[in-house]
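Build me a structure from this.
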Amino acid sequence: MKPEQQAQLAHESFSPAEERFNRRRQTVGLFLGPLLFAILLVWPMPGLTAQGHRLAAVIALVLVFWISEAIPIPATALLGPVLAILLGVAPAREALAAFADPIIFLFMGGFMLAEAMYAHGLDRRIAYAALSLRWVGRSPARVLAVFGGVAAALSMWISNTATTAMMFPIGVSIVNHLRESQPAAIRQIRGFATALMLVAAFGASIGGIGTPVGTPPNLIGIGVLGRTAGIHIPFFRWMMIGVPLAAVMFLFLILYFRFISLRSGRFEMGGAAHALQELRRLGPMARAQRNVLAAFGITVLLWITPGIFAIAGLADSVFAKAFNAAVPESAAALLGALLLFVLPVDWRQRRFTLTWAEAVRIDWGIILLFGGGLSLGGLAFSTGLAESLGHWILAWMPGRTPLAFTMIFTALAILMTEVASNTASATMIVPIAVAVSTAAGVRPLEPALGATIGASMAFMLPISTPPNAIVYSSGYVPITTMIRHGLALDLFAFAAIVTFVLLFGSIVVG
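Below is the predicted model:
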């Protein structure tokens, strides 16, 4: 799905009251941001360098614009570095270097693979294949688990918005089939429909934390830790904590809805037959789909090969070290994406798996946002602003332990992501977590990981994240229901993230 189509689908899901709230928020931000920028620019700030003082004003403007979405979020990401250059905070080469960070190219390669998967319907085929299994369709609980499981698994590799947008019509089709075949069980079916919609959206958000490419906050956290704290997290090591954490949260999600939404009575699903019918309509697997699977499989293999070496006890071998140096994650992602341009679909007509017209439909806005966030984060450290901010926040903190820091920044990220995009939330919170932890003499890994993962836990409102808005448009999810269930998920997510990060955070760096 094109980024503009994803945004339009989410936009159309808002109620009139939510639309009015968004307009007011944008209007307030449009005036508040420049006002705050001007005040901080002339306000005395002892202890800061001149560059740090000006950068503080720039960051304040950027934060207000990101939270309010006064102008498009990617445009704000460009505004920050440009203002830093104009105000003499840093030269253009330094301020814009982050837009060529290797992780940017990891984004690009992953996005192109996801676009090919969507363009050729491979993700839809995977969903129907899973739902068509005979044992799956016999009970609502199993359909719920597999439906959400497919969303979570796909979201580990493609965006949660695209995943939800793909699962949404499948879910609506299942519900419509049930309503038509069993009109007497309409009350039970409606409860099942609510659970099915929310499991798709929440499962997609949860699945995204499993891999570095699953959702932008993961790469933002990895990038910030690498550039500002010197902590480098390999692909497979992220998965060592991300996949188990996602599995625990998904298990809670399914059990929660199993006992909350499916307790009002039973009904016959017939889901396997319906899914099998849809799968047959898709026909046999096309050559383009096989090509996408091949490119995707090669990319994933290259990503996890260092982990295979480690499991085999060969991590310190000459070959393993040479492989790691020659095939970083970004190069593997680009290699997989480039294969799509040479694997033919029809050699006589010179048609290949992915065209450039399809490739440029990736979400360039997220890439710009990531680059802008890295730029401002790096400048905050080089100008001394991050250190000063860290000492200021420390004066107000009740405790200076890894537990306290991890809890505070995880909670802050979860709260922030309910009103701002997960990418913007991670971009704002993670650098602060690193700065404050470093200033306090606490290892920044755990607080930064907590903030990174917490930024993806947007469950309470339709405006929190596009997947929520998409399923809200179904009419089966009242906003009060989303808030109630979302709060339960937020609370469990907070406890799970803090526990996993503190107990197992060290495994991501070996």
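
in the helix or strand hosting residue 480, what counts as buried?
If you go by DSSP states H and E, residue 480 is part of helix 479-504. Residues of helix 479-504 classed as buried: 479, 482, 485-486, 488-490, 492-494, 496-498, 500-502 (neighbour count, 16 or more other C-beta atoms under 10 Å). The way it works is simple: take the backbone N, C-alpha and C, and place the C-beta from them, glycine included.

Can you list the buried residues in stretch 224-244?
224-229, 231, 233-243.

Spell out the secondary structure type for residue 349.
Assigned state for residue 349: coil (three-state reduction, DSSP: H, G, I helix; E, B strand; the rest coil).

For it, give me its contacts.
With C-beta atoms under 8 Å, 6 or more residues apart in numbering as the criterion, no residue contacts residue 349.

Just name the closest of the buried residues of helix 479-504 to residue 173, please.
residue 482 (21.6 Å; C-beta to C-beta).

doesn't residue 460 make contact with that closest one?
Yes: using C-beta atoms under 8 Å, residue 482 is in contact with residue 460, at 6.6 Å.

continuing past the helix or strand containing residue 404, what's the next helix or strand?
Under the criterion of DSSP H and E, residue 404 resides in helix 402-417. Using DSSP H and E, the helix or strand that follows helix 402-417 in sequence is helix 422-440.

Look at residue 345 and give its secondary structure.
Residue 345 - assigned by three-state DSSP - is strand.

what's the burial count for it?
As a burial measure, residue 345 scores 17 neighbours (other C-beta atoms under 10 Å).

any weak-confidence spans in the stretch 301-450 of the chain?
310-311, 315, 390, 398-399, 419-420 (pLDDT under 70).

mind listing what residue 476 touches?
175, 190, 193-194, 196-197.

next one: phi and psi at it?
Residue 476 adopts backbone torsions of phi -90, psi 0, taken as degrees, to the nearest 10.

Excluding covalently adjacent residues, which one is nearest to residue 411?
Excluding the flanking residues, the one nearest residue 411 by C-beta to C-beta, 6 or more residues apart in numbering is residue 494, at 6.1 Å.

Distance of the one you found relative to residue 81?
33 Å (C-beta to C-beta, to the nearest Å).

Residue 260 too?
Distance from residue 260 to residue 81, by C-beta to C-beta: 46 Å.

neighbour-wise, which of these two wins?
Between residue 260 and residue 81, counting by other C-beta under 10 Å, residue 81 is the more crowded of the two (27 against 15).

Enumerate every residue touching that one.
Per C-beta under 8 Å, 6+ apart, neighbours of residue 81: 95-96, 98, 372, 375-376.

so the host helix or strand of it versus helix 422-440, what angle?
In this assignment (DSSP H and E), residue 81 forms part of helix 73-86. Put simply, helix 73-86 runs at 40 degrees to helix 422-440, going by axes from the mean of the first three to the mean of the last three C-alpha atoms, to 10 degrees.

buried ones in helix 73-86?
Applying 16+ other C-beta under 10 Å to helix 73-86 flags 73-74, 76-81, 83-85 as buried.

Export the contacts of residue 81 as JSON lines, with columns for distance to residue 163.
As requested, the contacts of residue 81 are arranged in JSON lines below (distance: C-beta to C-beta, whole Å):
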{"residue": "95", "distance to residue 163": "34"}
{"residue": "96", "distance to residue 163": "32"}
{"residue": "98", "distance to residue 163": "28"}
{"residue": "372", "distance to residue 163": "25"}
{"residue": "375", "distance to residue 163": "29"}
{"residue": "376", "distance to residue 163": "29"}
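
From the residues you listed, list just the buried residues.
So, by 16+ other C-beta under 10 Å, the buried ones in those are 95-96, 98, 372, 375-376.

Those: which two are farthest apart?
96 and 376 (11.6 Å).

Please tell me how far residue 33 sits from residue 68.
7 Å.

my read: residue 493 touches residue 457, true?
Yes: here residue 493 reaches residue 457: they are 4.3 Å apart, a contact under C-beta under 8 Å.

Need the overlap of contacts for these two.
residue 414.

Now, the contacts of residue 81 that are in helices?
By the criterion of DSSP state H, membership of those in helices covers 95-96, 372, 375-376.

okay, now residue 142: neighbour count?
Neighbours of residue 142 (other C-beta under 10 Å): 19.

Equivalent analysis for residue 325, please.
8.

Now for residue 147: which residues touch it?
Contacts of residue 147 (C-beta under 8 Å, 6+ apart): 127, 131, 167, 170-171, 174, 196, 199-200, 203.

now residue 225
231-233, 430, 434, 444-445, 448.

Return the member of those residues nearest to residue 26.
residue 430 (24.8 Å).

residues touching the closest one, list them.
So residue 430 contacts 217, 220-221, 224-225, 377, 413, 448, 451-452, 455 (C-beta under 8 Å, 6+ apart).

one more time with 10 Å
217, 220-225, 228, 373, 377, 409, 413, 444, 447-452, 454-455 (C-beta atoms under 10 Å, 6 or more residues apart in numbering).

before we move on, the earlier item: in TSV, list the contacts of residue 225 along with secondary structure and distance to residue 302.
TSV is the format used below for these (DSSP: H, G, I helix; E, B strand; the rest coil; distance: C-beta to C-beta, whole Å):
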residue	secondary structure	distance to residue 302
231	coil	23
232	coil	17
233	coil	17
430	helix	27
434	helix	29
444	coil	29
445	helix	25
448	helix	26
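
Output the residues you listed in a markdown table, with distance to residue 291 appended to each entry.
Putting the contacts of residue 225 into a markdown table (distance: C-beta to C-beta, whole Å) gives the following:
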| residue | distance to residue 291 |
| --- | --- |
| 231 | 37 |
| 232 | 33 |
| 233 | 31 |
| 430 | 36 |
| 434 | 41 |
| 444 | 42 |
| 445 | 39 |
| 448 | 38 |
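
Quick check: the two most widely separated of these?
Farthest pair in the contacts of residue 225, by C-beta to C-beta: 232 and 430, 15.2 Å.

Can you tell me which of the buried residues of helix 73-86 is nearest residue 397?
Closest to residue 397, out of all of these and judged by C-beta to C-beta, is residue 80, at 26.6 Å.

I'd like the distance between the closest one and residue 34.
When residue 80 is compared with residue 34 (using C-beta to C-beta), they lie 14 Å apart.

Which neighbours do the two have in common?
With C-beta under 10 Å, 6+ apart as the test, residue 80 and residue 34 both reach 61, 65.

Contact partners for the residue nearest to residue 372 when sequence neighbours are not counted?
The shortest distance from residue 372 to any residue other than its chain neighbours is 2.7 Å, reached at residue 77 (C-beta to C-beta, 6+ apart). Contacts for residue 77 (C-beta under 10 Å, 6+ apart) come out as 62, 65-66, 99, 365-376, 423-424, 427.

Run through the helices of the stretch 251-400 of the chain in chain order.
Ranges of helices in the stretch 251-400 of the chain, per DSSP state H, counting those that start in this stretch, are 271-282, 287-311, 318-326, 329-339, 356-359, 364-382, 385-394.

which residues does residue 91 contact?
Taking C-beta under 10 Å, 6+ apart as the test, what residue 91 contacts is 84-85, 97.
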